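Q: here's my sequence, what's the structure:
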Amino acid sequence: MNKKIDYKNELNPAQLEAVESIDGPFLVIAGAGSGKTRVLVHRVAHLVEKGVKPEEILLLTFTRRAAEEMLRRASLLLDERCKKISGGTFHSFANMILRKYAKLLEISNNFTILDRSDATDAVNLVRTQLGFHKSEKRFPRKHAILEVISKSVNKSEDIKDVLYDEYPQFIEFTDSIKKIRDEYRKYKLQKSLLDYDDLLVFLKNLLSKHEDVRLALAAKYKYIMVDEYQDTNKLQAHIACLLAADHANIMVVGDDAQSIYSFRGANFKNIMDFPKIFKGTKIITLEENYRSTQPILNLTNAVIAQAKEKFEKHLYTKKKEGNIPVFIDCPDENSQSTFVADKILEYREEGIPLNEMAVLFRSGWHSNDLEIELASRNIPFVKYGGQKFVEAAHIKDILSYLRISHNINDQVSWLRALLLIPGIGPKTATKIIEVVTAKSKDNALLQKNEGVVKLLELFQGVDCKRDAPAKIIEKFFNYYQPLLKIKYDDFNKRLNDLDSLLRIAERYKSVEDFLTDMALESPERSIVEAARIDKDDAPLTLSTIHSAKGLEWHTVFLIYVAEGHLPSYLSLETEDEVEEERRLLYVASTRAKINLFFLKPHLDRSPRSFMDGSGSVFTQVSRFLGQGGLLDKFVDVQSSPELEGLDDIELEDIIGQRKQKNTAFFETMEEYFS
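A: Okay, the predicted model is just below:
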């Protein structure tokens, strides 16, 4: 027996309006925590209940799991008919349609889909066939080439523009990469292969060049719904609009204030311009928030109100009482980490589980110091977005040098260090290790490779008993940076981690203590052991803001809320980039349900300062909190106790000391940021 759903009692007025809207184009602006998924699920059930055949409804989402979960919930809400609805990702829908109409595009309908790994190998094959692997200059590797080609497709940008933004060191190879792209296309067509990007490209071409097919699909899918529309790229938005061009029965749901994925090709203009494409679009705004307290929403409303381009909305909640957000000005990065760790332990004692707390940040390297602090206190954590600091390959590289200096018989570290040297393979490395650990007397072998000679000279100038870890690591940086540039196409993005390693090392006097802290409490082991001790105490979450979208926690700490970090110094060239940084702060802030903390180090040695060798600098609070007096109106501003009593002259002395100590390091780093 079919259920009768009481929509009026289950939905608020705005949600109900969206659910009961059937014919015509609709844009649902769903504010953070406003029940977007609930609306989609109920609208699916409502359409079926009103007599629309399930097969005539198309629900496009960004993950298969999201589509399956929505249709499962709709089935529980109404009945099994909802499982017959066509739901899935843009890519899965494209695959299904292209199998049927492949001949029109002159491709085989039994084409093979290349996953990311297969596509990378195919690009490498083409790269090799064209002879670019023999280039005298440092030519980009297969992963970087595929990344550039893919971003060019998804962002609808020229190869040269993508290189300029992402890999400026390879801009001279623009024509060569374009040639690889063209040959890669030919290779795929000859072998009946399509990669993920091809699925969207071919579907768009099918819909735009074959009107009879488009009309047939419009007759089949009479009602189209698109989730997270602010995250669509140009191709996806074009496909959605083409599918609905005949009947205009399309509802797109999303939040312009949460458009933060331009680096993946998402286009903010898609959601803003939807009403321009479909004239007469009805805009429905969901503003009642079911997640956060009103003091938190007061701040987030004020942050996004400063946006240059937006749909007007004002989030409100029935949770009127609550703590106002807190801003902490910390003396430096480690004080920031110490405050967060102290507060987490304090809340844990008060009964808030670790998995109900999260530390968010703009860039993966922002948490490097915090990870070491948490590990030293046995606070288990998982990290999303960006690799765990101590597990990053380039950090392991530097630590291998330090471990050899501390213990010349460390064969594992020797193997890693030697394999970094051009021309040294596993067999040669093994023979060299036997010599340096005195298991062989073939000393002539050590003189055959210039890189080996330099490495041995490096170790001769190190005294682990006398020298501090930071001083030794600075020497290793000078040796390692040319190897870093050879090994990693994205070497410039890894320099932040190396700087973090140096800052962490500065806190230690003993090499042994430093290596012990870096190795003894590996995050993975901490998590496993914590799970064995207390199964109810799941780990703390560390996450980039991008990876945190759609999630929520009782307490949220947002670190490095400072100019140059949020907004990132890499995103200040255009107004559009700055505006996306504003939306990042909005997304991060709206993850908090009860407690929200903003933290900023007062003194900072950031990548910006490498360019002029200025060393430590005073940081300014993020412009997004500074605009319109937001800190005065909506935030409790506090200083970390260590800052109290220090005047500007004393702080300048601290800066001067750090400048002098790290001048050599900044000089060697400067060329990579120029």
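
Q: low-scoring stretches of the stretch 551-674 of the chain, by residue?
A: Counting by pLDDT under 70, the stretch 551-674 of the chain contains low-confidence ranges at 604-618, 640-674.

Q: now the helices for it?
A: Secondary structure of the stretch 551-674 of the chain (DSSP state H, counting those that start in this stretch): helices at 575-589, 607-610, 623-626, 630-634, 648-673.

Q: can you dump the C-alpha atoms of the third one in CSV for me?
A: What that stands for is helix 623-626. Taking Å, rounded to 0.1, in the frame of the first residue of the first chain, the C-alpha atoms of helix 623-626 are listed here in CSV:
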residue,chain,number,x,y,z
ARG,A,623,40.7,40.7,5.6
PHE,A,624,37.4,38.8,5.7
LEU,A,625,37.2,39.1,9.4
GLY,A,626,38.6,42.6,9.4
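
Q: what residues sit buried inside that helix?
A: 623-625 (16 or more other Cβ atoms under 10 Å). In short, each C-beta sits where N, CA and C put it, glycine included.

Q: ok, how many other residues are close to residue 546?
A: A count of nearby residues for residue 546, using other Cβ atoms under 10 Å, gives 20.

Q: ok, and what's touching the one helix or strand it maps to?
A: Counting by DSSP states H and E, the element that carries residue 546 is helix 545-548. Applying Cβ atoms under 8 Å, 6 or more residues apart in numbering, the contact partners of helix 545-548 are 260-261, 358, 360-362, 384-385, 541, 584, 587-588, 591.

Q: show the pLDDT at residue 278.
A: Per-residue confidence (pLDDT) for residue 278: 93.

Q: do you know how far it is from residue 254?
A: With distances taken as Cβ to Cβ, to the nearest Å, residue 278 is found 15 Å from residue 254.

Q: give me the more crowded residue out of the two.
A: residue 254 (22 against 19).

Q: what's near enough to touch the more buried one?
A: Residue 254 is in contact with 28-30, 227-231, 271, counting by Cβ under 8 Å, 6+ apart.

Q: and for residue 601?
A: The contact partners of residue 601, by Cβ under 8 Å, 6+ apart, come to 330-333, 335-336, 560, 562, 619.

Q: now swap in residue 101 and tell me
A: Residue 101 makes contacts with 206, 210, 213, as judged by Cβ under 8 Å, 6+ apart.

Q: can you read off the pLDDT for it?
A: Here, the pLDDT recorded for residue 101 equals 93.

Q: quick check: buried residues in the one helix or strand it maps to?
A: Applying DSSP H and E as the criterion places residue 101 in helix 90-101. Neighbour-count burial for helix 90-101 flags 90-95, 97-98, 101 (criterion: 16+ other Cβ under 10 Å).

Q: again, but for stretch 326-338
A: Residues of stretch 326-338 classed as buried under the neighbour-count rule (16+ other Cβ under 10 Å) are 326-338.

Q: ok, those residues vs residue 470, which is closest?
A: For the buried residues of stretch 326-338, the residue nearest residue 470 by Cβ to Cβ is residue 334; the value is 13.3 Å.

Q: how far away is the closest one from residue 276?
A: From residue 334 over to residue 276 the distance is 50 Å, taken as Cβ to Cβ.

Q: for residue 504, which non-adjacent residue is spatially closest?
A: In this structure, residue 504 finds its nearest non-sequential neighbour in residue 372, 5.5 Å apart by Cβ to Cβ, 6 or more residues apart in numbering.
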